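Undergrad: Sequence first, then the predicted structure:
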Amino acid sequence: MTVCEAPGKVYLFGEHAVVYGEPAVPAAIERRATVTAEPRSDDHVRVEAEDLSLDGFTVEYSGGTGNRPDVDVPTPLVEAAMGYVDAAVREARAAADAPDAGFDITVESEIPLGAGLGSSAAVVVAGIDAATRALGVQLDRRELADRAYRAEFEVQDGQASRADTFCSTMGGAVRVEGDDCEPIEAPNLPFVVGFDGGAGDTGELVAGVGELREEYGFAADTVESIGDIVRTGEELLSDSAPGADPQRELLAELGELMDFNHGLLSALGVSARSLDSMVWAARDAGAHGAKLTGAGGGGCIVALDASDATETALSFTQGCDEAFRAELATEGVRVVES
Ligand SMILES: Nc1ncnc2c1ncn2[C@@H]1O[C@H](COP(=O)(O)OP(=O)(O)OP(=O)(O)O)[C@@H](O)[C@H]1O
Ligand SMILES: C[C@@](O)(CCO)CC(=O)[O-]
Ligand SMILES: [Mg+2]
């Protein structure tokens with residue numbers, strides 16, 4: 001039995017635009033998905049994923065590509081629920097050159113689903129790592145990140161960046177631009193997360209931005225402007241002391257860029273009333289800046305505030321289900337048991 005866990009993430013800057021080759025800076029946070037993989041003697045895969053909204057969802061299906069589980073649930077629902085785990089199993093089989101390997105897989109997660117904190121990437125990264133290790137194969141982290149990206153790419157219909165999966169694999173803050181992925185040094189940023197209790201569909205939201213970008217030159221310019229914000233933010237980060245508590249001035253400058261980034265994401269149609277009201281509650285409480293994180297449509301915002309004021313204000317904000325401080329996860333995917 002092999003157990004691996006991988007962190008979720010928040011985007012300091014650059015989600016969505018990163019899908020079109022602009023840079024982005026996500027940072028891993030200490031909320032993890034844990035995947036257990038136990039090889040089976042047959043080619044079946046049994047998945048137990050208790051956090052899925054389908055109550056007590058457990059499925060078993062046979063190996064080989066394209067086989068759907070034989071359960072009495074509408075296909076789109078099964079695909080939404082199973083897509084990422086299924087893709088992780090396929091990548092693990094390919095990586096270990098074991099096309100008929102069967103597994104009992106259990107997924108447990110502290111990361112809300114579809115809420116912008118990278119639950120899909122964390123499940124895929126921990127899933128591929130656990131399943132390959134269970135077959136006696138140890139992938140280096142670059143290959144693991146690459147395979148996890150391919151899994152997300154497939155499920156999101158060919159519209160995914162490497163950002164979420166690279167960040168979840170490596171931990172810390174990272175910079176991703178196209179195929180170029182590097183860990184970066186960052187100060188100890190005081191992230192506060194507000195969660196509206198809802199979710200957005202990443203594939204759909206990414207497709208919506210893609211359509212706007214095709215239709216309007218100014219939407220394409222908006223995507224490029226997000227890239228400019230990221231480049232400006234990167235310069236600020238590179239001038240700061242890694243791992244140290246950041247100066248107020250740096251937080252103010254980063255916060256201003258986050259506010260701008262939120263405005264542009266909102267223009268691209270991926271915000272929501274609940275996200276906007278949490279962003280404003282954070283700003284009113286004195287946060288240095290606030291923006292939605294991840295695909296949007298519903299889910300989470302991230303704010304910068306070293307004091308308790310933002311977390312407290314969010315916890316009293318209508319539409320905010322949960323507010324918490326998110327610590328940077330300096331370690332990416334790790335083995336818990338093997
Ligand atoms: N605990 C879990 N168990 C099984 N599958 C999970 C779990 N958490 C996430 N997933 C898979 O990930 C999907 C959600 O991924 P999606 O990309 O839509 O959102 P996200 O990764 O949480 O947010 P974002 O991509 O915006 O950061 C779920 O529908 C499910 O397929
Ligand atoms: C919206 C997006 O940029 C981030 C989702 O967390 C999609 C992606 O990068 O694959
Ligand atoms: Mg995702």
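TA: That came through, no problem. Ligands and ions are numbered 1, 2, ... in the order given.

Undergrad: Next, give phi and psi for residue 334.
TA: phi -150, psi 160 (degrees, to the nearest 10).

Undergrad: go on, residue 48?
TA: Dihedral angles (degrees, to the nearest 10) for residue 48: phi -120, psi 110.

Undergrad: any idea how far whatever residue of the stretch 1-150 of the chain ends up closest to ligand 2 lies from residue 295?
TA: Scanning the stretch 1-150 of the chain for the residue nearest ligand 2 gives residue 15, at 3.9 Å (criterion: CB to the nearest ligand atom). The C-beta positions use only the backbone N, C-alpha and C, and glycine is treated the same way. Noted for residue 15: a distance of 7 Å to residue 295, by CB to CB, to the nearest Å.

Undergrad: what's the overlap in contacts for those two?
TA: residue 116 (CB atoms under 8 Å, 6 or more residues apart in numbering).

Undergrad: Residue numbers of the stretch 1-150 of the chain in contact with ligand 2?
TA: Contact residues, the stretch 1-150 of the chain versus ligand 2 (CB under 6 Å from any ligand atom): 15, 16, 18, 19, 118.

Undergrad: Put together JSON lines for those residues, with pLDDT and distance to ligand 1 on each row.
TA: Shown next, in JSON lines, are these (pLDDT from 0 to 100; distance: CB to the nearest ligand atom, whole Å):
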{"residue": "15", "pLDDT": "98", "distance to ligand 1": "7"}
{"residue": "16", "pLDDT": "98", "distance to ligand 1": "10"}
{"residue": "18", "pLDDT": "97", "distance to ligand 1": "12"}
{"residue": "19", "pLDDT": "95", "distance to ligand 1": "11"}
{"residue": "118", "pLDDT": "95", "distance to ligand 1": "4"}
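
Undergrad: With neighbour count and secondary structure added, can I get those in CSV?
TA: Output for those, formatted as CSV (neighbours: other CB atoms under 10 Å; DSSP: H, G, I helix; E, B strand; the rest coil):
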residue, neighbour count, secondary structure
15, 31, coil
16, 28, coil
18, 27, helix
19, 20, helix
118, 32, coil
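
Undergrad: List just the nearest of those residues to residue 46.
TA: Of all these, residue 46 sits closest to residue 118, with 25.2 Å by CB to CB.

Undergrad: show me the contacts for the closest one.
TA: Going by CB under 8 Å, 6+ apart, residue 118 touches 7, 8, 9, 26, 111, 164, 167, 168, 294.

Undergrad: Just say helix, strand or coil for the third one.
TA: Put plainly, it is residue 9. Following DSSP: H, G, I helix; E, B strand; the rest coil, the label given to residue 9 is strand.

Undergrad: for it, which residues make a bridge with it?
TA: When assigned by DSSP bridges, residue 9 has beta-bridge partners residue 28.
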